[in-house]
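Asker: requesting a structural model of the entry that follows:
(one chain, ligands or ions: 1)
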Amino acid sequence: QAAKPHVVVLATGGTIAGAGASTLNSVTYVAAKVPVEKLLAGLPELASVARLTGEQVFQTASESFNNEHLLTLARRVSALTKQADVDGIVITHGTDTLEETAYFLNLVVHSAKPIVVVGSMRPGTALSADGALNLYNAVSVAASQDAAGKGVLVTMNDEIQSGRDVAKSINIKTEAFKSQWGPLGMVVEGRNYWFRAPVKRHTVHSEFDIDAIETLPAVDIVYGYGNMNTTGIEAYGKAGVKALIHAGTGNGSVAAQAVDALKALRAQGVQIVRSSRVPDGFVLRNAEQPDDKYDWVVAHDLRPQKARILAMVALTKARDSKELQRIFWEY
Ligand SMILES: NC(=O)CC[C@H](N)C(=O)O
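Answerer: A predicted model of the protein is given here:
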């Protein structure tokens with residue numbers, strides 16, 4: 001009998017490693033408590049799908065992830081994928097910024113081996129905890145050859161999602177992660193059922209490689225709303241931001257006073273990326289604002305937090321706004 005695939009579980013914290021005071025604490029509990037050895041030991045079913053190694057990379061709530069966490073994690077994932085004895089990788093993660101990490105890895109890790117990011121909405125101590133099955137599904141997907149070459153994946157609520165497309169869309173239910181383009185497939189009782197594949201560039205087809213990235217440029221987000229002021233835009237400009245994501249209303253519309261402030265930043269060399277605070281849909285060039293005239297970029301279908309990740313990665317290479325826009329269409 002052939003040996004089972006070797007899957008490395010990189011633990012970073014979150015609710016999947018959370019613990020509450022009682023079984024009734026589904027929302028009030030402490031995240032990032034349980035060490036990876038205990039997570040794996042608590043799920044003996046994993047041994048039926050893979051040989052496992054656990055590594056505690058961080059123990060944090062994911063809202064406190066910063067660029068250093070992203071770089072450290074991506075470097076570790078990249079190094080592991082180069083090991084002949086590693087078949088797949090699972091990253092356990094808090095759900096709050098899980099989609100940002102998954103997209104970052106999708107852009108910069110050059111490997112076709114399955115990489116799966118997973119979290120949970122309830123701590124393991126709660127009634128109907130979702131972490132155990134989510135983790136089992138993640139390991140099972142990471143151990144399967146048919147998950148290779150599909151980019152970084154996210155397994156939550158029995159679905160297999162593209163790390164590029166998926167986002168936390170409900171903050172209190174276990175069906176928290178959604179993509180407007182639908183899941184890639186489902187994982188049921190250790191078997192994958194695929195229905196579609198990503199068409200955007202990722203992993204081995206990406207022009208970006210974590211092994212060549214030393215630092216990430218400063219990219220921040222300003223939010224559009226009625227009676228918006230320009231204080232935030234100006235402050236980010238003074239702070240030396242390299243790109244500013246505008247989370248606009250509707251189709252990425254921008255208030256008149258914000259238009260002037262953003263044009264002033266662009267004149268100083270800051271890249272302006274127009275996205276929308278509306279969760280679904282996408283922003284078109286020269287609709288709502290004359291992007292050609294202002295030399296701005298549109299975020300395509302990426303939510304502001306995803307646009308920030310892509311802009312940071314893109315600006316490690318892209319020289320001008322045309323190249324930046326090309327990257328936003330392709331990734
Ligand atoms: N469900 C969760 O994982 C949220 C816990 C925590 N805020 C985090 O993102 O790590």
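Asker: which non-adjacent residue is nearest residue 251?
Answerer: residue 288 (4.9 Å; Cβ to Cβ, 6 or more residues apart in numbering). Any C-beta I mention is one placed from the backbone N, CA and C, and that applies to glycine too.
Asker: count the neighbours of that neighbour for me.
Answerer: For residue 288, the neighbour count with other Cβ atoms under 10 Å is 18.
Asker: verify the stated contact: residue 143 with residue 5.
Answerer: Yes - assessed by Cβ atoms under 8 Å, residue 143 is found in contact with residue 5 at 4.1 Å.
Asker: who has more neighbours, these two?
Answerer: residue 143 (23 against 20).
Asker: shared neighbours of residue 143 and residue 5, which are they?
Answerer: Counting by Cβ atoms under 8 Å, 6 or more residues apart in numbering, the shared contacts of residue 143 and residue 5 are 49, 50, 87, 88.
Asker: output these as CSV; include the columns pLDDT, secondary structure and neighbour count.
Answerer: CSV is the format used below for the shared contacts of residue 143 and residue 5 (pLDDT from 0 to 100; DSSP: H, G, I helix; E, B strand; the rest coil; neighbours: other Cβ atoms under 10 Å):
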residue, pLDDT, secondary structure, neighbour count
49, 97, coil, 19
50, 98, coil, 22
87, 98, coil, 22
88, 98, strand, 27
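Asker: need the max-distance pair from the residues you listed.
Answerer: 49 and 87 (11.1 Å; Cβ to Cβ).
Asker: what's the overlap in contacts for these two?
Answerer: 5, 143.
Asker: list the residues that contact the nearest residue to residue 142 once chain neighbours are set aside.
Answerer: Closest residue to residue 142 apart from its sequence neighbours, by Cβ to Cβ, 6+ apart: residue 88 at 3.2 Å. Residues near residue 88 by Cβ under 8 Å, 6+ apart: 5-8, 50, 113-116, 139, 141-144, 147.
Asker: can you tell me how far the residue of the chain found nearest the ligand sits from residue 31?
Answerer: Relative to the ligand, the nearest point of the chain is residue 94 (1.8 Å; Cβ to the nearest ligand atom). Distance, residue 94 to residue 31, using Cβ to Cβ, to the nearest Å: 6 Å.
Asker: overlap in contacts of the two?
Answerer: 13, 14, 15, 61.
Asker: so how do I select the buried members of these in ChimeraX?
Answerer: Provided next is the ChimeraX selection string for whichever of the shared contacts of residue 94 and residue 31 are buried by 16 or more other Cβ atoms under 10 Å:
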select :13,14,15,61
